[in-house]
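Participant: Okay, structure incoming, though there's no sequence with it:
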């Protein structure tokens, strides 16, 4: 599959020397969209009230169904539907940027969706969309997952310029593929909204999140699903914000809540100057 790059530019310029608060939302979403949106609204308010200007929701925040096909039934066309209306209106109401970890968007295949990370600015405008490229598969006895059965993979690497610097978009299983992040170029912040299983999460989640921060010398914000779901699935949680040195600034092991921390691009720049690893990269063919 050919992967393309897409850079989404907004009129906003990077914050530069500014320090900004960023936040991630952890949930244990269920099969009822309206209930999940109500919980997301509650948690977004908490984050906004604490001064967060960029708030990121986990993968599948709007629906974790009983069956995999439930998200297909709840899918929306881009630009319409209750999930997208909620995201746009809430971003405008709270005067914050909101990133929906993933929204089920319709594809040309009526039995499959795009699992799309969608970025809304503080005016409620959709400024970027990333379709998840790497689709999760796991076969461990009774624990089996096959996302390709209900999801169409994306084929574009997406970054977006924002008031908080250059942001790279990814979703969950993408975390295992460092070449995706290298293809983004030098980004200031990587987003990894996720729904890691408890099995894989307890083994690999923190190691992978911190590795992506260290090797790219950037901040990583990784909000996750964390708890038990109506389908019987258990997700790992442990939402976290990691700085460019690999230090965990905030984390939430389990349950619904908020992680929040300050992002300092001056600090990031000083680390990249002191350890110019990004300039020392060799491109292998």
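Facilitator: Perfect, I can see it now. Only a predicted model underlies this, so the values are computations on that prediction, with no experimental measurement involved.

Participant: Distance from the chain centre to stretch 277-285, please.
Facilitator: 26 Å (C-alpha atoms, centre = their mean, to the nearest Å).

Participant: any residues touching it, and which ones?
Facilitator: In this structure, residues lying in contact with stretch 277-285 by C-beta atoms under 8 Å, 6 or more residues apart in numbering are 182, 186, 215-217, 272. All C-beta atoms are positioned from the backbone trio N, CA, C, and that covers glycine.

Participant: Those into a markdown table, with extra columns for secondary structure, pLDDT and distance to residue 170?
Facilitator: Shown next, in a markdown table, are the contacts of stretch 277-285 (DSSP: H, G, I helix; E, B strand; the rest coil; pLDDT from 0 to 100; distance: C-beta to C-beta, whole Å):
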| residue | secondary structure | pLDDT | distance to residue 170 |
| --- | --- | --- | --- |
| 182 | helix | 95 | 12 |
| 186 | coil | 96 | 16 |
| 215 | helix | 97 | 14 |
| 216 | helix | 98 | 11 |
| 217 | coil | 97 | 17 |
| 272 | helix | 95 | 21 |
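
Participant: Name the member of those with the most neighbours.
Facilitator: The member of those surrounded by the most neighbours (other C-beta atoms under 10 Å) is residue 216, with 24 neighbours in all.

Participant: these two touch, right, that one and residue 185?
Facilitator: No: in this structure, residue 216 is not within contact of residue 185 by C-beta atoms under 8 Å, at 9.7 Å.

Participant: where do the contact lists of those two overlap?
Facilitator: When C-beta under 8 Å, 6+ apart defines a contact, no residue borders residue 216 and residue 185 alike.

Participant: any idea which helix is longest in this structure?
Facilitator: Counting residues, the longest helix found in the chain (DSSP state H) is helix 33-49.

Participant: can you give me the mean pLDDT across the following helix or strand past that helix?
Facilitator: Using DSSP states H and E, the helix or strand that follows helix 33-49 towards the C-terminus is strand 54-56. When the per-residue pLDDT values of strand 54-56 are averaged, the result is 98.

Participant: any idea how far strand 54-56 is from the chain center?
Facilitator: 9 Å.

Participant: Stretch 213-233 too?
Facilitator: With C-alpha atoms, centre = their mean, you get 8 Å for stretch 213-233.

Participant: gap between the two ends of it?
Facilitator: End-to-end distance for stretch 213-233: 28 Å, by C-alpha to C-alpha, to the nearest Å.
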